[in-house]
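Coordinates for the following, if possible.
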Amino acid sequence: MKGGKSKSESKKPDSRLAVKKKAAPAKKAAPAKKAKEAKDPNKPKRPASAFFIFMEDFRKQYKEKHPNNKSVSVVGKAGGDKWKTLSAAEKAPYVSKAEKRKSEYDKTLQAYNKKLSEGKDAEEEEEEEESDKSKSEVHDDEEDDDDDSGEDDEDDDE
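Below you'll find the model as predicted:
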């Protein structure tokens, strides 16, 4: 028969002759840019932009006009469209509020950074003192191990 399969061809191939596929090479982990530092809860938050200050007022107005609307995305889209149509004169009060908040933020951030730098200096000094103490304690222990005279070390401290 032409093109037909014989009985021997339809059987499974011998497992000893089968070519084993190599496992896919493991993906290399992307190099870590920087280890994430824990966020400080005391750090002042960045101020809202003029658009977000506008949105605070717009949300209140929109909820009054559309009390049945439960979708946040609809309010956001409507606010964005409204913001785009405002002229520079209409945006001016929101921009001035944003600038005022930004200046207050800058002052608090400077105070925070100053306090943080002073705190780090004090912590570094404490760590240095602790490391010196721990070195001396380790050194004292080594000396104690060398002395096997049987005398109590407590007498030396007095």
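
ok, now which ones touch K45?
Y105 (CB atoms under 8 Å, 6 or more residues apart in numbering). The way it works is simple: take the backbone N, C-alpha and C, and place the C-beta from them, glycine included.

can you tell me the helix or strand for it?
When elements are assigned from DSSP states H and E, K45 belongs to no helix and no strand.

now it: how far from R101?
10 Å (CB to CB, to the nearest Å).

what about N68, which SS state?
Assigned with DSSP: H, G, I helix; E, B strand; the rest coil, N68 falls in the coil class.

Would you list the phi and psi of it?
phi -80, psi -10 (degrees, to the nearest 10).

how many other residues sit next to it?
Per other CB atoms under 10 Å, the neighbour tally for N68 reads 5.

so where's this protein uncertain?
1-34, 121-158 (pLDDT under 70).

So which residues of it form helices?
Along the chain, the stretches classed as helices by DSSP state H are 7-10, 50-65, 72-85, 88-146, 154-157.

Buried ones in the second one, by neighbour count?
Buried residues in helix 50-65, counting neighbours by 16 or more other CB atoms under 10 Å, are found at A50, F51, I53, F54, M55, F58, Y62.

measure D106 to T85 for me?
31 Å.

who has more neighbours, those two?
More crowded of D106 and T85, by other CB under 10 Å: D106, with 12 against 8.

Would you mind measuring from that one to I53?
Per CB to CB, D106 is found 17 Å from I53.

Y112 - how many residues pack around it?
Other residues near Y112 come to 14 when the count uses other CB under 10 Å.

Show the contacting residues for it.
Contacts here follow CB under 8 Å, 6+ apart; on that basis Y112 touches N42, K43, P44.

ok, so what distance separates the nearest residue to the first one once chain neighbours are set aside from S96?
Using CB to CB, 6 or more residues apart in numbering and skipping the chain neighbours, the partner closest in space to N42 is Y112 (7.1 Å). As defined by CB to CB, Y112 lies at a distance of 25 Å from S96.

All set now, cheers.
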